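# Structure for this input, please:
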Amino acid sequence: MRRPPLPALVPMLAAMLLLPLAGGAGAQGYSLLGNGGLAPARQPLIAVSAGAAAPQPLIRARAQRPDTAAAEAARAAAQSLFIGRAAGGLFAAPDAGGRSAYHGGPLGDDPEATMIRHLIAQAEAGPEGYDAVQYGARRKPGRPPTQMTLAEIYAWIEATPGQPHAIGRYQFIPATLRRLVEMAGAQGGDRFSPQLQDRLADILLHEAGLARFRAGTLSRHGLMNNLAKIWAGLPNSSGRSHYDGYAGNSATMSWASFDREMARILEG
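Have a look, this model is predicted:
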């Protein structure tokens, strides 16, 4: 059979190469935050304006990735140092950082705080939300965390040494959980409900400097870097977790995605 001349093959080959892309499947992106996992880029967490770039993919949330007791200990030690400096006034506004900042009570349905908490939860807990227990915990609690009292959670922690114990929507580690519970005035008989978990997270938002951001004494990137010092699933401005390299800690989203979502939440 006679072969077609070389010039005639060029358009044929080009058509063959472009055909798989016609349906768009090969070019479809995925959003940072979907309900329960990755979603098409046209379904972002918080309403994306037309023409906005799709967030980079979210790696599995921290609760879904095996953690270790050593990683938790590294975070606890570094977080204690951060909180101590905040309370000591090394940030821009001494009277607004650290524990002294928590005088306004829970942020509740505050729209910005609600969206920030949601963003943190997507990075830390994943689809399990308020009932998330760290994947690396070999012995899980006997019931969903939201059905347990604080005393029961403490008992589980004490009975299962040598494993990670990050728990709930914000993956509270034991030392942080006890500190926040004391600050919130909660009791051992209180249920680890979604409302209580949000109250505890609000203390951390205060410590990170949300009030100072609103007062104009802390930049948005400053607030974001402070949040990354509290939650290892969030990246700092280097693009990595503040705890990157410490016993396997790593961020679960890119700085570009974090920055884009925080700008949308705080600046509209």
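
# and the closest residue to Asp190 other than its chain neighbours, what does it touch?
Spatially, and ignoring its direct neighbours in sequence, Asp190 is nearest to Leu150 (5.4 Å; CB to CB, 6 or more residues apart in numbering). For glycine as for every other residue, the C-beta is placed from the backbone atoms N, C-alpha and C. Applying CB atoms under 8 Å, 6 or more residues apart in numbering to Leu150 gives the contacts Val181, Ala186, Gln187, Gly188, Gly189, Asp190, Arg191, Phe192.

# if we go to 6 Å?
Taking CB atoms under 6 Å, 6 or more residues apart in numbering, we find Leu150 in contact with Val181, Gly188, Asp190.

# For PyMOL, write the selection for the buried entries among these.
Burial among the contacts of Leu150 is assessed by 16 or more other CB atoms under 10 Å; the matching PyMOL selection reads:
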select buried, resi 181
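
# wait, which of the contacts of Leu150 is closest to Ala232?
Closest approach to Ala232 among the contacts of Leu150 (CB to CB): Val181, at 20.5 Å.

# who touches the closest one in this structure?
Contacts of Val181 (CB under 6 Å, 6+ apart): Leu150.

# sec struct for it, please.
Following DSSP: H, G, I helix; E, B strand; the rest coil, we place Val181 in the helix state.

# so how far is Met224 from Leu204?
14 Å (CB to CB, to the nearest Å).

# Now the common contact residues for these two.
Common neighbours of Leu204 and Met224, using CB under 6 Å, 6+ apart, do not exist here.

# gap between the residue nearest to Asp190 and Leu227?
On the measure of CB to CB, Leu150 and Leu227 end up 24 Å apart.

# Also Gln163?
26 Å.

# cool, and Glu267?
From Glu267 to Leu227 the distance is 16 Å (CB to CB).

# before we move on, what about Asn236?
Counting by CB to CB, the gap from Asn236 to Leu227 is 9 Å.

# higher neighbour count, those two?
Neighbour comparison, Asn236 and Leu227: the larger count goes to Leu227, with 25 against 20 (by other CB atoms under 10 Å).

# Confirm for me that that one is in contact with Glu207.
No - using CB atoms under 6 Å, Leu227 makes no contact with Glu207, being 9.7 Å away.

# where along the stretch 101-250 of the chain do the strands fall?
With DSSP state E, counting those that start in this stretch as the definition, the stretch 101-250 of the chain shows no strands.

# Find the residue ranges of it scoring beneath the pLDDT cut-off.
101-106, 108, 246-248 (pLDDT under 70).

# can you pull out the helices in this protein?
Taking DSSP state H, the helices of the chain run over residues 6-18, 69-88, 111-124, 150-159, 174-184, 194-208, 210-215, 220-230, 255-267.

# Please name the residues that touch Lys250.
Actually, residue 250 is Ser rather than Lys. Ser241, Asp244.
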